[in-house]
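Asks: coords please:
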Amino acid sequence: MSQPPPPGLEEHDAPTGTKLALIRAAGELFAQRGVEGTGIRMIARKAGVNLGCIHYHFGGKAALHRAALEYVLHHRITRQNAQITVPDSATDEEISALLRQLVRRRLAVAWGDGMPAWYAGLVTRSLADAPQDDWAWVDERVFRPDFELFQRLIRLARPGQPERETRKVFYVFISQLVFYARHRARMGREMNREGPWEPLAEELADFIALSVTRTLGLPDPGSAASCKE
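Replies: Residues are numbered from 1 along each chain as shown. A predicted model of the protein is given here:
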């Protein structure tokens with residue numbers, strides 16, 4: 001069985017005060033403008049702190065970008081993966097329900113009414129704009145935790161499936177999540193959405209789960225009541 005994902009940001013290491021203000025300000029700017037388009041003076045001004053605080057806490061913009069991404073990933077991936085238990089054995093129906101649960105959780109944190117919009121924007125922007133030197137780190141923190149959880153689920157249903165085939169299905173899963181997360185406002189308008197985001201997020205999550213389970217030849221996910229959210 002794969003090793004568990006890196007622990008990420010531990011609760012006792014959670015940033016506070018000036019450090020947290022810088023991470024939130026930088027994360028929002030990076031999501032909007034990208035790393036190259038964001039200056040450290042912009043970040044300091046938005047955070048309402050002295051420019052020297054960035055160097056004191058992070059050493060520079062590159063480290064602050066990683067800190068902002070790590071902060072988001074802790075809330076969007078590390079915490080959530082810890083809440084999803086993959087059993088040693090399961091029926092195909094149970095595996096479909098677990099896949100549905102995973103997709104719903106992922107889309108909920110990107111679309112939740114109380115979730116800052118820059119969370120999803122920072123992740124998708126970082127995937128597109130990450131410098132070559134940062135790709136190993138981005139892959140380790142963004143892709144690997146989700147892939148390993150996804151792979152454990154797929155191995156329950158298709159234990160002999162080559163990893164290459166599992167990765168192709170995983171990319172179908174993750175690419176749809178990224179698209180929906182990045183275009184929340186547009187999709188809401190086009191689908192005549194009114195009211196809270198959650199119902200539309202669940203509808204789209206169920207559609208993603210359906211495409212994944214059918215690709216794998218698994219039963220369609222059951223009713224919402226059968227999925228322990």
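Asks: and G59, which of the three is it?
Replies: Secondary structure for G59, judged by DSSP: H, G, I helix; E, B strand; the rest coil, is coil.
Asks: quick one, what contacts it?
Replies: If you count contacts by C-beta atoms under 8 Å, 6 or more residues apart in numbering, G59 has none. All C-beta atoms are positioned from the backbone trio N, CA, C, and that covers glycine.
Asks: Touching stretch 29-37 from outside, list them.
Replies: The list of residues contacting stretch 29-37 from outside it, by C-beta under 8 Å, 6+ apart, reads 38, 42-43, 46, 61-62, 65, 68, 117-119, 121-122, 125-126, 129, 131.
Asks: Pass me the low-pLDDT residue ranges in this protein, would you?
Replies: Along the chain, the model assigns pLDDT under 70 to residues 1-14, 75-81, 110, 112-115, 130-134, 192-195, 223-229.
Asks: hey, where'd the helices end up in it?
Replies: Across the chain, reading from the start of the chain, the helices by DSSP state H fall at 17-33, 40-47, 52-57, 61-73, 79-83, 92-111, 117-129, 135-138, 144-157, 163-182, 184-190, 198-215.
Asks: G222: which of those helices is closest?
Replies: Proximity of those to G222 was assessed by C-beta to C-beta; the nearest stretch is helix 92-111, lying at 5.9 Å.
Asks: How far does that closest one sit from its chain's centre?
Replies: 13 Å (C-alpha atoms, centre = their mean, to the nearest Å).
Asks: so what does it touch, helix or strand wise?
Replies: With contacts defined as 3 or more C-beta pairs under 8 Å, 6 or more residues apart in numbering; DSSP states H and E, helix 92-111 has these neighbours: helix 79-83, helix 117-129, helix 144-157, helix 163-182, helix 198-215.
Asks: Try it again at 7 Å.
Replies: Packed against helix 92-111 by the contact rule (3 or more C-beta pairs under 7 Å, 6 or more residues apart in numbering; DSSP states H and E) you find helix 144-157, helix 163-182, helix 198-215.
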